[in-house]
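Colleague: Here is my input, please return the structure:
(chains A and B)
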Amino acid sequence: MDINKTVDATGMLCPMPILRTVQAVKEMKFGEVLEITATDPGIKPDIKNWCEMMGHELIDIQDKDGRIIVHLKKLK
Amino acid sequence: MDKATIIVFSGDMDRVMAAFNIAVGAASSGMEVTMLFTFWGLNVLRKDRTGSRAGGMMQKMLTWMNRGGTENLPMSRFNMSGMGTWMMKKLMKRYSMPSVKELYTTAKQLGVKMIACTITMGVMGIGKEDLVDDIDEFAGVITYIKDARESKINLFI
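Modeller: Residues are numbered from 1 along each chain as shown, chains lettered A, B, ... in the order given. Prediction:
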């Protein structure tokens, strides 16, 4: 999977990770993939619901060394 | 576009933070957000520690006791003459939580519309010059109702 953009939201609490995501997605083209790294577990349900609302594709959510890695594809 | 409207009646730091979190969240989810600041909520929009310049003696006393500015809002509980609020701000910083001031700036950048309630401004003797410069509208309840009647989320905080 090609990653076109990354967001480091480690240490950030709600709603900052989503806010950073919004800003990043704005700068991306359709079909591009964003990788978000976060530590707040709230990102898991939040990013899922956000993608549903905004019409983006949530590719996966992984736990890696105490961090949460999210991949999503911009569709709209 | 779906709308969200929030009345900020309280000037308590914690309540105001909740209001801004919801506003920022809604704007991040593609909603058009309006916040109406009334009564103690007007303190959020006031310049730091300004008293009433326009009002009479009672209004000057009121605005002197009721300090404004995003940095000067007390907590709804355990304010303890500012000690509790000071500690909470320390904790928020440690956990990299944004302050009310930062949340306000973020909300503005996301296009959240800020309305100052002119009725409260009149009663409290707060003039436009006592408020921050980037307020979108000075209006009353009807302007709010116009937005609120079409909105999907409507909160009174």
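Colleague: Up against chain B, what does chain A have?
Modeller: Proximity of chain A to chain B (CB under 8 Å from any CB of the partner chain) is limited to residues A:11-16, A:18-19, A:21-22, A:50, A:53-54. Backbone N, C-alpha and C define where each C-beta goes, glycine included.
Colleague: let's see 10 Å
Modeller: Proximity of chain A to chain B (CB under 10 Å from any CB of the partner chain) is limited to residues A:10-16, A:18-23, A:40, A:46, A:49-50, A:52-55, A:76.
Colleague: Any quick ChimeraX command for the buried ones out of those?
Modeller: This is how ChimeraX selects the buried members of the residues of chain A next to chain B, with burial counted by 16 or more other CB atoms under 10 Å in any protein chain shown:
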select /A:12,13,15,16,18,19,20,21,22,40,46,50,54
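Colleague: Just the ones in helices from the residues of chain A next to chain B, please.
Modeller: Using DSSP state H, A:16, A:18-23, A:46, A:49-50, A:52-54 are the members of those that sit in helices.
Colleague: need these in CSV with pLDDT and distance to B:G111, can you?
Modeller: Below are these laid out as CSV (pLDDT from 0 to 100; distance: CB to CB, whole Å):
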residue, pLDDT, distance to B:G111
A:M16, 88, 18
A:I18, 92, 16
A:L19, 91, 13
A:R20, 92, 17
A:T21, 95, 17
A:V22, 93, 12
A:Q23, 92, 13
A:D46, 93, 21
A:N49, 93, 21
A:W50, 95, 17
A:E52, 94, 22
A:M53, 93, 17
A:M54, 93, 16
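Colleague: What is the nearest of those to B:Y104?
Modeller: Nearest to B:Y104 among these, counting by CB to CB, is A:L19 at 13.6 Å.
Colleague: Following the helix or strand encompassing B:M114 in sequence, what is the next regular element?
Modeller: Assessed by DSSP states H and E, B:M114 sits inside strand B:113-117. Next along the chain after strand B:113-117, taking DSSP H and E as the criterion, comes helix B:118-124.
Colleague: Remind me what the helix or strand following that following helix packs against, helices and strands.
Modeller: Tracing the chain C-terminally past helix B:118-124 and defining elements by DSSP H and E, one meets strand B:137-139 next. Using 3 or more CB pairs under 10 Å, 6 or more residues apart in numbering or on different chains; DSSP states H and E, the elements in contact with strand B:137-139 are strand B:32-37, strand B:113-117, helix B:118-124, helix B:141-148.
Colleague: which residue is nearest the centroid of chain A?
Modeller: A:I36 (4.3 Å; CA atoms, centre = their mean).
Colleague: On the strand side of things, show who that residue bridges to.
Modeller: A:V7, A:V70 (DSSP bridges).
Colleague: I'd guessed it sits against A:M16; true?
Modeller: No - counting by CB atoms under 10 Å, A:I36 sits too far from A:M16 to count as a contact (11.4 Å).
Colleague: lowest average confidence, helix or strand, in chain B?
Modeller: helix B:57-65 (a mean of 81; mean pLDDT, DSSP states H and E).
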